[in-house]
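Novice: Any chance you could fold what I've pasted below:
(one chain, ligands or ions: 1)
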Amino acid sequence: MTETQKAYQELVETRRSIRKFTGQPVPRAALERLLEAACRAPSAHNRQPWRFVVLQDYDLRQQLISEMSESFRADLAKDGMPQDEIERAVERGRDRMLGAAAVVLLFLSMEGMDSYADSVRQAAEHTMAVQSVSLAAGQLLLAAHAAGLGACWVCSPLFTPTIVRRVLGLPLSWEAQGMIALGYPDEEGRDRGRKALREVVLWR
Ligand SMILES: Cc1cc2nc3c(=O)[nH]c(=O)nc-3n(C[C@H](O)[C@H](O)[C@H](O)COP(=O)(O)O)c2cc1C
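Specialist: Take a look at the predicted model:
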């Protein structure tokens, strides 16, 4: 194995989702390096449908969390979850987002993608945009780890796209995909294990 291979293997094997952060701020230059790494990802037709919002304003972050929490509460109540459990789940999500030194929201825009009259090809094109944004986010997570930062993908914006767009004042074309909570790690992170290759790979 070359040194590059060893370094890469080490990086992917030691990355963990980190959900607790020290209060130390992440410098803007460091965030820009992560976003540059994300934007180096491959994308369908190289159209780069990813969009990002670095949520710096703390009041805006609180407003966003509060509105997303309301929607989360309503969804859990519809599921029939007991009130105390709902409050615990909402609290957990809130703390996670407020405790991060930085929050990067992930979006896709179909504006530069191809459009088709038939729904099957249009759905495939949309999936390609989702896949491209996911690759960018994956690269961002690895770059964060390489930089000594901790990060965790949080899916909640996917469930509240209208709230996210309104609170952040974004164009209609920006579809929320998720967000990445970031900061200097205040926990080790647990190895959650992976399925063995034989469980997920068929050789034909
Ligand atoms: C699409 C996606 C959505 C996720 N959503 C959440 C989430 O909402 N909250 C959370 O704590 N972790 C979330 N995660 C992190 C996963 O739980 C985590 O990656 C998985 O348990 C494996 O752990 P590891 O990242 O430490 O290897 C998400 C990950 C992905 C890729």
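
Novice: List the buried residues for the longest strand along the chain?
Specialist: For the chain, the longest strand by residue count, based on DSSP state E, is strand 174-183. Neighbour-count burial for strand 174-183, counted by 16 or more other CB atoms under 10 Å, picks out 174-183. Glycine gets a C-beta too; all of them are placed from N, C-alpha and C.

Novice: Check stretch 37-49 too.
Specialist: By neighbour count on 16+ other CB under 10 Å, the buried set for stretch 37-49 is 37-38, 41, 43-44, 47-49.

Novice: again with stretch 158-178
Specialist: Within stretch 158-178, the residues scored as buried using 16+ other CB under 10 Å are 160, 163-165, 167-168, 170, 174-178.

Novice: Can you narrow these down to the ones near the ligand?
Specialist: Among the buried residues of stretch 158-178, proximity to the ligand is found for G178 (CB under 6 Å from any ligand atom).

Novice: wait, which of the buried residues of stretch 158-178 is closest to the ligand?
Specialist: Distance to the ligand, by CB to the nearest ligand atom, is smallest for G178 among the buried residues of stretch 158-178, at 5.9 Å.

Novice: and the closest one, what is it in contact with?
Specialist: 105-106, 137, 153-158 (CB atoms under 8 Å, 6 or more residues apart in numbering).

Novice: make it 6 Å
Specialist: G178 is in contact with 106, 153, 155, 157-158, counting by CB atoms under 6 Å, 6 or more residues apart in numbering.

Novice: Please check those residues and keep the buried ones.
Specialist: Looks like the contacts of G178 have 106, 153, 157 buried, using 16+ other CB under 10 Å.

Novice: in the chain, which spans are helices?
Specialist: Along the chain, counting by DSSP state H, helices occupy 3-14, 28-39, 58-78, 83-99, 119-146, 161-168, 197-200.

Novice: Flag every residue of the protein that's near the ligand.
Specialist: 16-17, 19, 152-156, 178, 189, 192.

Novice: Redo the residues you listed as JSON lines? Include pLDDT.
Specialist: Listed next are the residues of the chain next to the ligand as JSON lines, based on pLDDT from 0 to 100:
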{"residue": "R16", "pLDDT": "98"}
{"residue": "S17", "pLDDT": "98"}
{"residue": "R19", "pLDDT": "95"}
{"residue": "C152", "pLDDT": "97"}
{"residue": "W153", "pLDDT": "97"}
{"residue": "V154", "pLDDT": "95"}
{"residue": "C155", "pLDDT": "94"}
{"residue": "S156", "pLDDT": "94"}
{"residue": "G178", "pLDDT": "98"}
{"residue": "G189", "pLDDT": "93"}
{"residue": "R192", "pLDDT": "96"}
